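> please find the sequence and the predicted model below.
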Amino acid sequence: MYKKLLQISIILALIVVILGAYTRLGDAGLGCPDWPGCYGQLIVPDAEDGTKIDGYDRPLEVAKGWKEMVHRYAASSLGLLIIVIFFLVLAGKPKNYQSLSLPSFTLFFVILQGAFGMWTVTLLVHPVIVTTHLLGGFITTVLLVWLLLNQARRISSYRNVLSRHRVVLLTALFLLIAQIILGGWTSSNYAALSCGEQFPKCLGSWWPAMDFTRAAYLGPLGVDYEFGVLENSARAAIQMMHRIGALVTTAMIALLIYLYKDYVHLKVSLLTMAGLLIMQIALGVLNVLFSIPMLIAVLHNAVALMLLLSLVGLVHKVYKSSD
């Protein structure tokens, strides 16, 4: 039961991340201007687009409201599953020993993630909150995957990885997390098309006029950040930082795959990682060239999460086998 619930929760966490990306990319983050309901109801009001609901300044947009509410329903279901998983660990149900610390932190974290979901709405899609909420969805999935991996049989051959190669693995993981944060910052500041439909150039230049100071602008609370508030020079700087980050991260993961190629027992993990990396690069380029088509943009988020999980899985094999 414990292992099956973890598997279901991981699938649901992936769905929640995908729905979150779909909601954000569809500009539906404020489709319901309140939380946890939608215009004071548990479902989107049965009314026509543009209807003014008493007590709310924002007119109803039915499609955006449903995007937001379906995401909330899925996230709430995931939260309930994590509560059940916590109590199963408390009752000693896992086949292999699992301390209570990680399930407790996972439960705390998903509650915090729910709070960030609320603040995304109440603070009018503030870029810091939106980026943190995105990263929180990724971290929640990682925590659940780590719990599942703890139930797998440990293979002693994983201990043979050299110390310097382990450092490269952790460095690649750190850079990928930083790149995911940059991706969230790009999306939350509506900077994905700030270079136009051009790659690798930006606005017709290899190094256009950019405002890196404003690119790090956190912004005050209480301002409506829907569709962004930064000038294009700042958005172009964000986009270029994301591209440079992608280049550095790709180089580090490629180095990791090269250094680990002689560890035959890790071949499947490395092939999976390489395939996801190539796919992610292609999706990133296609996003720009085709003006952020919804399917490609959502896949770009999903594959980023899968790439992160592939690295986390490798970390678990290399480090947990040494316990």
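Good, I have the coordinates.
> against residue 89, how distant is residue 151?
Between residue 151 and residue 89 the computed distance is 11 Å (CB to CB, to the nearest Å). From N, CA and C alone the C-beta is placed, and that goes for glycine too.
> right, I mislabeled it, should have said residue 243
For residue 243, the distance to residue 89 - CB to CB - is 42 Å.
> sorry, back to before: more neighbours, residue 151 and residue 89?
For residue 151 versus residue 89, neighbours defined as other CB atoms under 10 Å are more numerous around residue 89 (21 against 14).
> does that one touch residue 101 like I think?
No. Using CB atoms under 8 Å, residue 89 is not in contact with residue 101; the gap is 9.8 Å.
> nearest spatial neighbour of residue 66, chain-adjacent residues omitted?
Nearest non-adjacent residue to residue 66, counting by CB to CB, 6 or more residues apart in numbering: residue 44, 5.2 Å away.
> cool, and residue 40?
residue 34 (6.6 Å).
> residue contacts, the one you found?
40, 56, 121 (CB atoms under 8 Å, 6 or more residues apart in numbering).
> ok, now how distant is residue 30 from residue 206?
Residue 30 is 37 Å from residue 206, by CB to CB.
> likewise residue 265?
Using CB to CB, residue 265 is found at 43 Å from residue 206.
> who's more crowded, the two?
A count of neighbours by other CB under 10 Å puts residue 265 above the other of residue 265 and residue 206, at 13 against 8.
> wait, isn't that one in contact with residue 161?
No. Contact criterion CB under 8 Å: residue 265 and residue 161 do not qualify, at 9.7 Å.
> which residues in the stretch 101-250 of the chain form helices?
Taking DSSP state H, counting those that start in this stretch as the criterion, the stretch 101-250 of the chain carries its helices at 101-122, 127-149, 163-188, 212-215, 232-259.
> buried deepest among the ones you listed, which one?
Most buried of these, by mean neighbour count (mean count of other CB atoms under 10 Å): helix 127-149, with a mean of 21.
> end to end on stretch 258-267, go ahead and measure it.
11 Å (CA to CA, to the nearest Å).
> heads up, I number from 285, so please use that
Renumbered: residue one is now 285, and that last one reads stretch 542-551.
> so what's the gap between it and the chain middle?
28 Å (CA atoms, centre = their mean, to the nearest Å).
> ditto for stretch 490-508
Distance of stretch 490-508 from the chain centroid (CA atoms, centre = their mean) equals 21 Å.
> next one: stretch 475-485
That offset, for stretch 475-485, works out to 22 Å (CA atoms, centre = their mean).
> try stretch 315-329
24 Å.
> what comes up buried for that stretch?
By 16 or more other CB atoms under 10 Å, the buried positions in stretch 315-329 come out as 315-319, 322-323, 328-329.
> the residue lying closest to residue 421 once chain neighbours are set aside: neighbour count?
Distances taken as CB to CB, 6+ apart put residue 301 closest to residue 421, at 4.6 Å, once the chain neighbours are dropped. As a burial measure, residue 301 scores 24 neighbours (other CB under 10 Å).
> right, and residue 382 touches residue 431 too?
Yes. In terms of CB under 8 Å, residue 382 counts as a neighbour of residue 431; the distance is 6.8 Å.
> and stretch 313-330, end to end?
19 Å.
> how far off centre is that stretch?
Distance, centroid of stretch 313-330 to centroid of chain: 24 Å (CA atoms, centre = their mean).
> for stretch 370-384, same thing?
27 Å.
> just the CA trace of it, in PDB.
Output of stretch 370-384 as PDB, limited to C-alpha atoms (Å, rounded to 0.1, in the frame of the first residue of the first chain):
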ATOM      1  CA  PHE A 370       2.800  10.300   6.400                       C
ATOM      2  CA  PHE A 371       0.400   8.200   8.600                       C
ATOM      3  CA  LEU A 372       1.500   5.000   6.900                       C
ATOM      4  CA  VAL A 373       5.100   5.700   7.800                       C
ATOM      5  CA  LEU A 374       4.000   6.600  11.300                       C
ATOM      6  CA  ALA A 375       2.300   3.200  11.500                       C
ATOM      7  CA  GLY A 376       5.500   1.500  10.300                       C
ATOM      8  CA  LYS A 377       4.000   0.200   7.000                       C
ATOM      9  CA  PRO A 378       7.000   0.700   4.600                       C
ATOM     10  CA  LYS A 379       8.600  -2.600   3.700                       C
ATOM     11  CA  ASN A 380      12.100  -1.100   4.100                       C
ATOM     12  CA  TYR A 381      12.800   1.100   7.100                       C
ATOM     13  CA  GLN A 382      11.900   4.800   6.500                       C
ATOM     14  CA  SER A 383      12.500   7.400   9.300                       C
ATOM     15  CA  LEU A 384       9.700   9.800  10.000                       C
END
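> no more questions from me, cheers.
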